[in-house]
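Undergrad: Quick check, what structure comes out for this input:
(2 chains)
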Protein chains: 2
Amino acid sequence: MTTYSAPLRDISFVLHELLDIGQFSHIAPFKAATPTVVEAILKAAARLCEQVLLPINRSGDEEGCRLENGVVRTPSGFREAYQTFAEGGWTSLACDPAFGGQGLPEVVNLAVAEMACSSNLAFYTYPALSHAAYNLIGTHGSDEVKRAFLPRLVDGRWSATMCLTEPHCGTDLGLIRTKAQPESEVGYKLSGTKIFVTGGDHDLTENIVHLVLARLPQAPPGTTGLSLFLVPKYLVNSNGSLGPRNGVSCGSIEKKMGINASATCVMNFDGATGYLIGKKGRGLHCMLSMMDIARLTVGLQGLGLAETAYQRARAYARERLQGRAITGAQCPDRQADPIIVHADVRRMLLTMKAYNEGARALAYWVALHVDLSRQHPDPEARQEAEDLVQLMTPVVKSFFTDYGFEATNLGLQIFGGHGYIREHGMEQLVRDARVGQLYEGTNGIQALDLVRRKIVKKSGRLLRRFFDPIDRFINEQKNYSRMREFTLPLAQAFAKLQQVTAWVVEQGAKDPQQAAAAASDYLRLFALVALGSTWAKIAKVSYAALDNAGEKRFYEGKIITARFYMRRLLPQTSSLVRAIRSGSRPIMELDAEAF
Amino acid sequence: MTTYSAPLRDISFVLHELLDIGQFSHIAPFKAATPTVVEAILKAAARLCEQVLLPINRSGDEEGCRLENGVVRTPSGFREAYQTFAEGGWTSLACDPAFGGQGLPEVVNLAVAEMACSSNLAFYTYPALSHAAYNLIGTHGSDEVKRAFLPRLVDGRWSATMCLTEPHCGTDLGLIRTKAQPESEVGYKLSGTKIFVTGGDHDLTENIVHLVLARLPQAPPGTTGLSLFLVPKYLVNSNGSLGPRNGVSCGSIEKKMGINASATCVMNFDGATGYLIGKKGRGLHCMLSMMDIARLTVGLQGLGLAETAYQRARAYARERLQGRAITGAQCPDRQADPIIVHADVRRMLLTMKAYNEGARALAYWVALHVDLSRQHPDPEARQEAEDLVQLMTPVVKSFFTDYGFEATNLGLQIFGGHGYIREHGMEQLVRDARVGQLYEGTNGIQALDLVRRKIVKKSGRLLRRFFDPIDRFINEQKNYSRMREFTLPLAQAFAKLQQVTAWVVEQGAKDPQQAAAAASDYLRLFALVALGSTWAKIAKVSYAALDNAGEKRFYEGKIITARFYMRRLLPQTSSLVRAIRSGSRPIMELDAEAF
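TA: Have a look, this model is predicted:
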């Protein structure tokens, strides 16, 4: 029941047929990413995920991490798996060759991330943060810091963390108290306590690089007083070898609902040596550039877990014999029919399938724009791509983790009572999926980010990057009769989204509470339309391939799933529109004491 | 953070102001249930739940049950708590005085059940099943069996189980293989294995009474070949004392996602002595009468857990200081505002509050009809009440456990990352809530039961018991201007439900797949309208009480919550209607192999 088989055909469909990444072969990271190279990489990644990461997923959950004499021990097999992972070059895929990376696109790296999350989410939290830190240091670090730290993050011998929140802060990082005292020309001494530090300590790598938000003396209160520091677990000698232990240690690890093999640490900084990253007072700004890629990866986690839940539920639904089809026995020679004959089981499976395949296409499309925003030769194209990434990041993070939790629960439901039993592994997927809605900024915060920072404040510039292509697509396709069953519902939902957007912007300008009250429902509406446009494109590409391909059934499956999405899932938009338009009064009028 | 304070004011509002149970004082169980008596009972129950059951809820989850040398040990404190529970008379509340019961209404018992589920769901699974078995034996048992077993189930010295499914069966009880061999005039020997037996063994009571579905020799295959047997753990001597151990034993206990303190057992029957209950071949029919009350109680579990989640999230939202209100600081003298100022936190809290208070009123209304169906002097009134209970039982079971899972997750979400940490207790509520959607028939099965057995097959008779009062209420109230904001959305949603019902009945008659494909969404639509009509009634009663009561704020809170329900939650109906009307094709057309 712990089967997972990497969906290579679906991934290649998205990369090559839908996004056609070959069209960017003139842009740096895509030059090397020929279809043959990409296929070989993805096959090797699939083998690693299925054969190395998956087998230690359930044991890792049962065993969890232990804090022993100040040292965190990961579960059995994790050290060996990490070594295989790093030695295979999986930490360096989308990194700059200048630091030992393979210089491949982020979109390919994200496909690998999806498989890793499907196989063993807890394991993947360690390298995922290292890659996010690699991006941050690459953007904001001094040349000296880059030279000292990036090669080891790239080859995976060291890992990294983000040290943001503190016991009294939660989301409100303006309340951070950790202090940084200037010590020498380059160095600072950090003191304070950080909580919820993923991979704050562990036994997988030789060194751990902490990226820490702290306050310099005389820094103003609030987030503008925060600066960013790099604090290594072991100090690094000028020749690159490890020096003495730095003043940072793990105080305790949390007992959690899930991702038990991922150590969530309380980290104590006691005069730990740190190096400033970026400018003073720009700590949060620098950190956000790390959080953006981390937020995309968290979104991917929802998809990854939902894909595994789907595959297991599908296998179970085909094998489990119970009851008869409502229209009469389908397998009269057996004691009962497999439960996949039942409409409600199919409804649940199709919901998972439609979300997963649509989400994959949408996420890879955003990841492709991460590459374009960094590497496109035309600055205008870079800006456009960056705008799109900015707009879509909270949507991917929030909607994907929300539906990931829904979908893993549907998978559990298909197992009936057996889904509740630990040995089947379905309930672990649910517990592991739950954290995605919380970390890297709760989903409510993502929704506010979308509505206030990305839409209201940018007065539509970001939005156009997303709306204009949908508009063009609908206009292009509306006269093809076989596309009408997709373009019509999409056009209706899109029109609603445009109207509601105008309403939110207008109302939000008068009363910010209106935008805040709408935020979560608006994000979901936005995501449903985004998936709708994705499914319409999938249908178009599949119709084109239907006649000249030997894979008729594959493409037919896409078209049928697109239809299911339009008829059964996209209609959620109607309710969301009505809820949003009811405004903030029903939410705000109850006195806090009257709850 | 493990606070729970029984919502006695809300419970009394439902019992006395909304349902006015005093009007039934001429009917047996209500004679004794004067307001003073009921208040005293509920206060005592609240004390027990808050002081005895709640303190062992988290420790019970961490410790779980153990199987030692064939004996199940419940977690520390459970034996003592059970003794207090039984000695306090809490097992006998709604039982017949002829067997030592207190003869009080089921609706009062259900209010106690709600509090017990809020405090310690795992604990309550043991007495809940005993009470369901009491009802079954009372209805279908011979006088001899009743005399031998009911007094001990009533005083709580013995407990009971339901032994239905087997490893290969799941929902399909027609596949049951457990055999019953006639042995003497009254006795049978049972052999087979049952799984998922809640409380199959434990150390709380002196004896355990198993109600077992099994097949007599030459019984036909399928469910019509099933008979029901009572199999005690210890045989009972004619003087009522315990005899030798019977041939039934616990083979293993399951490791589960939640309700860890509730022993889920594999039970082996090796020639165990059993007594026939009801007629041969009518086993499932008899069992269903036990399952009906059990299904209502499972629904209550969703409400109970959601109420606790709400109370904790509310306390947290008032205490936790983070960020500033979007319209400017509310507590400028503190470092930040409490998070209850944020619209998204309020949205989540109000969603929980609106579901909980609406669900409580709806469930107690159904429970009141359980009493009327048994005790009303007029047979026609009994039948009407029974019809309503039959119709509403799958709705309460399924919708309450669905929203209970949603609501406990909203509560966790309000805690942010802290909600994911075990010590705060929020994630236990989520894990405990998840089982309700699975046991006593998965929620998909409940939906089929509603659509096919209760609506399509009964050609509207049951439905009228529910539709007619809503119709009358809307007509009565529509001219009161202050009620219009409730009656208008209710009337719209109700009209949609009526149209969709007609569509499902008509389509389902032509093609049963249409009814099956609609079932889950239809049940949710039905439940949302039922809650809508409940909230409209609450608004009416609250408006009437607003002017002449010293509790203006309480009633205003009800009216504001009713408004929130109408504006923010009831609109879900639009999407459900569209999804249902898209029919079965998008669900059925994909080939099983193409998933």
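
Undergrad: what's residue A:529 in contact with, if anything?
TA: A:470, A:490, A:493-494, A:497, A:570, A:573 (C-beta atoms under 8 Å, 6 or more residues apart in numbering or on different chains). Placement of C-beta: from N, CA and C, glycine included.

Undergrad: so which of those residues are also by chain B?
TA: When contact is defined as C-beta under 8 Å from any C-beta of the partner chain, the contacts of residue A:529 meet chain B at residue A:573.

Undergrad: can you put the contacts of residue A:529 in TSV and add neighbour count?
TA: Putting these into TSV (neighbours: other C-beta atoms under 10 Å in any protein chain shown) gives the following:
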residue	neighbour count
A:470	21
A:490	27
A:493	24
A:494	22
A:497	24
A:570	25
A:573	25
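
Undergrad: Spell out which residues of the stretch 401-550 of chain A are next to chain B.
TA: Counting by C-beta under 8 Å from any C-beta, the stretch 401-550 of chain A sits next to chain B at A:405, A:409, A:412-413, A:416-423, A:427, A:430-431, A:434-435, A:437-439, A:442-444, A:447-448, A:511-513, A:516-517, A:519-520.

Undergrad: filter the residues you listed to the buried ones?
TA: Among those, the ones that count as buried by 16 or more other C-beta atoms under 10 Å in any protein chain shown are A:405, A:409, A:412-413, A:416-422, A:427, A:430-431, A:434-435, A:437-439, A:442-444, A:447-448, A:512-513, A:516-517, A:519-520.

Undergrad: Residues of the stretch 101-250 of chain A that sit close to chain B?
TA: Counting by C-beta under 8 Å from any C-beta, the stretch 101-250 of chain A sits next to chain B at A:165, A:168-172, A:174-175, A:196.

Undergrad: Out of the buried ones among the residues of the stretch 401-550 of chain A next to chain B, list just those in helices.
TA: A:405, A:409, A:412-413, A:427, A:430-431, A:434, A:443-444, A:447-448, A:512-513, A:516-517, A:519-520 (DSSP state H).

Undergrad: related to what we said a few turns ago, what two of the residues of the stretch 101-250 of chain A next to chain B are the furthest from one another?
TA: Maximum pairwise distance among these (C-beta to C-beta): 16.8 Å, between A:174 and A:196.

Undergrad: More neighbours: which of the two?
TA: residue A:196 (25 against 19; other C-beta atoms under 10 Å in any protein chain shown).

Undergrad: The more buried one contacts residue B:417, doesn't it?
TA: Yes - shown here, residue A:196 and residue B:417 form a contact pair, counting by C-beta atoms under 8 Å, at 5.1 Å.

Undergrad: Mutual contacts of those two, please.
TA: A:165, A:439.

Undergrad: in stretch A:283-292, what counts as buried?
TA: Buried, per 16+ other C-beta under 10 Å, within stretch A:283-292: A:283-284, A:286-287, A:289-292.

Undergrad: Please write out the alpha-carbon positions of it in CSV.
TA: Taking Å, rounded to 0.1, in the frame of the first residue of the first chain, the C-alpha atoms of stretch A:283-292 are listed here in CSV:
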residue,chain,number,x,y,z
GLY,A,283,16.4,41.8,6.6
LEU,A,284,12.8,41.1,5.9
HIS,A,285,13.2,42.2,2.3
CYS,A,286,16.1,39.7,1.8
MET,A,287,14.2,37.0,3.6
LEU,A,288,11.2,37.4,1.4
SER,A,289,13.3,36.5,-1.7
MET,A,290,14.0,33.2,0.1
MET,A,291,10.4,32.8,1.1
ASP,A,292,9.1,33.2,-2.4
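
Undergrad: Residue A:226 touches residue A:215, doesn't it?
TA: Yes - checked against C-beta under 8 Å, the pair residue A:226 and residue A:215 is within contact range at 6.2 Å.

Undergrad: For the two, indicate the residue with more neighbours.
TA: The neighbour comparison of residue A:226 against residue A:215 (other C-beta under 10 Å) goes to residue A:226, with 28 against 21.

Undergrad: In contact with the closest residue to the more buried one other than its chain neighbours, which residues?
TA: Once flanking residues are discounted, residue A:226 sits nearest to residue A:283: 3.8 Å by C-beta to C-beta, 6 or more residues apart in numbering or on different chains. Going by C-beta under 8 Å, 6+ apart, residue A:283 touches A:213-214, A:226-229, A:277.

Undergrad: Which of those residues fall within strands?
TA: Among those, the members falling in strands (DSSP state E) are A:213-214, A:226-229, A:277.

Undergrad: what about burial for the residues you listed, which qualify?
TA: A:213-214, A:226-229, A:277.

Undergrad: neighbour-wise, which of the residues of the stretch 101-250 of chain A next to chain B leads?
TA: Ranking those using other C-beta under 10 Å puts residue A:196 first, with 25 neighbours.

Undergrad: in the helix or strand that one falls within, what counts as buried?
TA: Assigned by DSSP states H and E, residue A:196 belongs to strand A:187-198. Within strand A:187-198, the residues scored as buried using 16+ other C-beta under 10 Å are A:188-192, A:194-198.

Undergrad: I'd like these laid out as a markdown table, including distance to residue B:400.
TA: Below are these laid out as a markdown table (distance: C-beta to C-beta, whole Å):
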| residue | distance to residue B:400 |
| --- | --- |
| A:188 | 55 |
| A:189 | 56 |
| A:190 | 50 |
| A:191 | 50 |
| A:192 | 45 |
| A:194 | 41 |
| A:195 | 36 |
| A:196 | 33 |
| A:197 | 39 |
| A:198 | 36 |
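
Undergrad: pLDDT added to these, as CSV?
TA: Shown next, in CSV, are those (pLDDT from 0 to 100):
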residue, pLDDT
A:188, 97
A:189, 97
A:190, 98
A:191, 98
A:192, 97
A:194, 97
A:195, 97
A:196, 96
A:197, 97
A:198, 97
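
Undergrad: now, among these, which is nearest to chain B?
TA: Comparing the buried residues of strand A:187-198 against chain B with C-beta to the nearest C-beta places residue A:196 closest, at 5.1 Å.

Undergrad: who's in contact with the closest residue to chain B within the stretch 1-150 of chain A?
TA: For the stretch 1-150 of chain A, the residue closest to chain B is residue A:62, as judged by C-beta to the nearest C-beta, at 9.0 Å. The contact partners of residue A:62, taken as C-beta under 8 Å, 6+ apart, are A:260, A:422.

Undergrad: One more: the one 10 residues further on?
TA: If you count contacts by C-beta under 8 Å, 6+ apart, residue A:72 has them with A:65-66, A:200-203, A:250, A:253, A:263, A:265.

Undergrad: would you say it is within a strand?
TA: Yes - applying DSSP: H, G, I helix; E, B strand; the rest coil, one finds residue A:72 inside a strand.

Undergrad: quick one: the spatially closest residue to it that is not a sequence neighbour and chain B, what's the gap?
TA: Spatial nearest neighbour of residue A:72, excluding adjacent residues (C-beta to C-beta, 6+ apart): residue A:201 at 4.1 Å. Remark: distance between residue A:201 and chain B (C-beta to the nearest C-beta, to the nearest Å) = 17 Å.

Undergrad: tell me which residues in stretch A:377-386 are buried?
TA: A:382, A:384-386.
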